[in-house]
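In: Provide a 3D model corresponding to the input given below.
(chains A and B)
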Amino acid sequence: MTRPIPLFTLLILLAIPLSLLAGRVWLDPWTTPNATIILAELRLPRALLAVIVGAGLGAAGAAMQGYLRNPLADPGLFGIAPGAALGAVASFWFGYAASAWLLPLFALAGAGVAMALLALIAGRSAGVALFTLAGMMIASLAGALMSLAISLAPNAFAMSEIVSWLMGALTDRGWAEVRLAAPLTLAGVVLLRLAGPGLDALTLGEPAARSLGVNPARQQWLLILGTGLTVGAGVAVAGIVGFVGLIVPHLVRPLTDRRPSSLILPSALAGALLVLIADCVCRVLPLVTELRLGIALSIVGAPFFLWLLLRMRREAWL
Amino acid sequence: MTLAARSLKLANRLDGVSVVLEPGRITAICGPNGAGKSTLLQCLAGLLAPDGDEVLLGDAPLPTGRERARRIGYLPQVGEIAWDLSVAGLAGLGRLPHGDRGEEQVAAALAAVDLTHLANRPVSTLSGGERARALLARVLAGEPDWIFADEPLAALDLAHQLALLARLREAAARGTGVVLVLHDLALAMNHADRVLVLERGALAADGAPEQALSEATIASVWGVAAHWLGEPGARALVAG
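Out: Sure, this is the predicted structure:
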């Protein structure tokens, strides 16, 4: 079913011009001084980055839920996002974060280490349960090491920088981040889409999926690489942006035939739209400092999660 | 094309089972709990790799991956459906090994299990019997040469059991090999063409239902004194 794809594409095309104009100061392309520079160097890359990060998180969330056959799954469960965040924290800790390239590269290295660990621990058996437990263990370990890094931060400024960065934001990002995240996210979404038929088969459980010709090891590799690239790239350029991967597949599912494969591209587009709008709201809200994107999405996401749990309690089906 | 296994072994689960299965027939695998019925079924379906000798389809080893999936349909004991697909969407999963939507085959499969009128219904709204038929339609939609089903009649009432068996008989009449794990010995006796009786991972009896499920075999394998009532094809098992 392709209906949601044109719908979300259209909404993104409408939201991008709005996002270019929105801000603490609304931009008038004809009268605002230096409007061209502001648009080209600040707002356009920021809008594109919102699209890229949201697309990656949305696609990864849809794939994760399909793989784990659980509507509560989130890309953070695999430990890749915490791994990437730990890499970024390390760059702050060692004082490399000032360089535009080193912070995202550290984050990508962190995501890479998490992916390698995941493959090493769970790859041989290719079982979903071991895979999930390994991801949770990596996430827990990365979280503990981040807390350790924060508590042992060399100075108060570094600590403040780390905490602020972990909240997730697209503030002051530019074309360098777009150039880094775009190809990685695109490659990741392609890999996740390739995993689609296998995810459909997993709807019937692991034995039935194998009987339908799914190779569990190949499936796991596609998931590890696809999630690693999308989530790793997102964390590398925007910090921790939670709840997108959890919420978006739920919003999109009723618009599809509910096959996991039908959900991946629409979730990528809906994730892009959600982060784009959330980032606009962060900029427009009249607060002393700009609201962090990660906080804004968590404020919306946590009640949604609770609503989801309550609905699941009512519906024995889930 | 026959499906043959010679001296199948799997540590602590199967102990040298040799069978040659013929297409166009319904074969039942029976035995007490833990006898290795599901393990044998999965080995024959190519989902578990036995130690040593392999399973042959015709003269060649059982294919792997999508080629195997196109030839062999497998219906697991637990009919898990993680997402609330439509009935047609569920049956359509049977086309995954073929890489097409197979609308014609899906429609035929739904018609075979009498679910055409429910094609667009979410599976969460189906009764247990309709759900079991929808899962069978998923296997039929793949048009496999062989159907392996693990306890497909469990949790179904008598009418739905008979309806499902009738669909499997039709598939067998079209030349499909049907292999079922069955706990209900009367169903095996009355509906199978051949019965394999397993005991502790080994073949205790193999043959036509009347021979393989003799009262002596039931006493020795299940440890239950029982006797058959009725005529062949309409037997009932009575304990004591």
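
In: Pull the number of nearby residues for B:Ala239.
Out: By other Cβ atoms under 10 Å in any protein chain shown, the residues close to B:Ala239 number 9. Quick note: C-beta positions are derived from backbone N, CA and C, even for glycine.

In: Name the residues linked to it by a beta bridge.
Out: For B:Ala239, the beta-bridge partners are B:Ala226 (DSSP bridges).

In: That one contacts B:Val224, doesn't it?
Out: Yes - the criterion here is Cβ atoms under 8 Å, and B:Ala239 meets it with B:Val224 at 6.0 Å.

In: Leaving out chain neighbours, which residue sits closest to B:Arg71?
Out: Leaving aside its sequence neighbours, B:Arg71 sits nearest to B:Asp145 (Cβ to Cβ, 6 or more residues apart in numbering or on different chains; 5.0 Å).

In: so the one you found sits right up against B:Met1, yeah?
Out: Yes - using Cβ under 8 Å as the test, B:Asp145 is close enough to B:Met1 to be in contact (6.9 Å).

In: Need the overlap of contacts for the two.
Out: With contacts taken as Cβ atoms under 8 Å, 6 or more residues apart in numbering or on different chains, B:Asp145 and B:Met1 have B:Pro23 as neighbours in common.

In: residue ranges with poor pLDDT in the stretch 151-300 of chain A?
Out: Within the stretch 151-300 of chain A, no stretch has pLDDT under 70.

In: ranges for the helices of it?
Out: Applying DSSP state H, counting those that start in this stretch to the stretch 151-300 of chain A gives helices spanning A:156-166, A:175-194, A:196-202, A:206-211, A:216-238, A:244-252, A:260-284, A:293-314.

In: what residues does the third one touch?
Out: Same thing as helix A:196-202. When contacts are defined by Cβ under 8 Å, 6+ apart, helix A:196-202 is touched by residues A:63, A:66-67, A:69, A:128, A:208-209, A:212-215, A:218-219, A:222, A:259-262, A:264, B:82, B:93, B:96, B:99.

In: again, only using 6 Å
Out: With Cβ atoms under 6 Å, 6 or more residues apart in numbering or on different chains as the test, helix A:196-202 has contacts from A:Gly66, A:Tyr67, A:Ala209, A:Leu212, A:Val214, A:Gln219, A:Arg259, A:Pro260, A:Ser261, A:Ile264, B:Leu96.

In: Distance of the last one relative to A:Leu77?
Out: According to Cβ to Cβ, to the nearest Å, B:Leu96 stands 26 Å off from A:Leu77.

In: List the buried residues of stretch B:217-229.
Out: Under the neighbour-count criterion of 16 or more other Cβ atoms under 10 Å in any protein chain shown, stretch B:217-229 has B:Thr217, B:Ile218, B:Val221, B:Trp222, B:Trp228 buried.

In: Tell me the one of these nearest A:Asp279?
Out: Each of those was scored against A:Asp279 by Cβ to Cβ, and B:Trp222 proved nearest at 68.0 Å.

In: what sits against that closest one?
Out: B:Trp222 sits next to B:Pro32 when contact means Cβ under 6 Å, 6+ apart.

In: pLDDT score for it?
Out: We have a pLDDT of 93 for B:Trp222.

In: Check A:Arg124 too.
Out: Reported pLDDT at A:Arg124 in the predicted model: 62.

In: Pull up the residues of the stretch 151-300 of chain A that are close to chain B.
Out: Proximity of the stretch 151-300 of chain A to chain B, by Cβ under 6 Å from any Cβ of the partner chain, involves residues A:197, A:201, A:203-205, A:207-208, A:210-213, A:257-258.

In: before we move on, which element is the residue most central in space within chain A in?
Out: The centroid of chain A falls nearest to A:Leu57 when counting by Cα atoms, centre = their mean (2.7 Å). Using DSSP states H and E, the element containing A:Leu57 is helix A:44-68.

In: can you count the residues close to residue 106?
Out: Since no chain was named, I'll use chain A. Applying other Cβ under 10 Å, I find that A:Phe106 has 24 neighbouring residues.

In: right idea, wrong chain: chain B
Out: Neighbour count for B:Val106, taken as other Cβ under 10 Å: 25.

In: What distance do you get for it to B:Arg66?
Out: For B:Val106, the distance to B:Arg66 equals 18 Å [Cβ to Cβ].

In: try A:Leu117
Out: In this view, A:Leu117 and B:Arg66 are 31 Å apart by Cβ to Cβ.

In: same question, A:Ala35
Out: Distance from A:Ala35 to B:Arg66, by Cβ to Cβ: 56 Å.

In: B:Val179 now?
Out: The spacing between B:Val179 and B:Arg66, counted by Cβ to Cβ, is 21 Å.

In: Ok, B:Ser86 next?
Out: According to Cβ to Cβ, B:Ser86 and B:Arg66 sit 24 Å apart.

In: Would you agree B:Gln161 is in contact with B:Leu153?
Out: Yes - between B:Gln161 and B:Leu153 there is a contact under Cβ atoms under 6 Å: 4.6 Å.

In: who has more neighbours, the two?
Out: The residue with more neighbours, out of B:Gln161 and B:Leu153, is B:Leu153; 22 against 19, by other Cβ under 10 Å.

In: Need the three-state assignment for the more buried one.
Out: coil (DSSP: H, G, I helix; E, B strand; the rest coil).

In: what's it in contact with, if anything?
Out: B:Leu153 makes contact with B:Gln161 under the criterion Cβ under 6 Å, 6+ apart.
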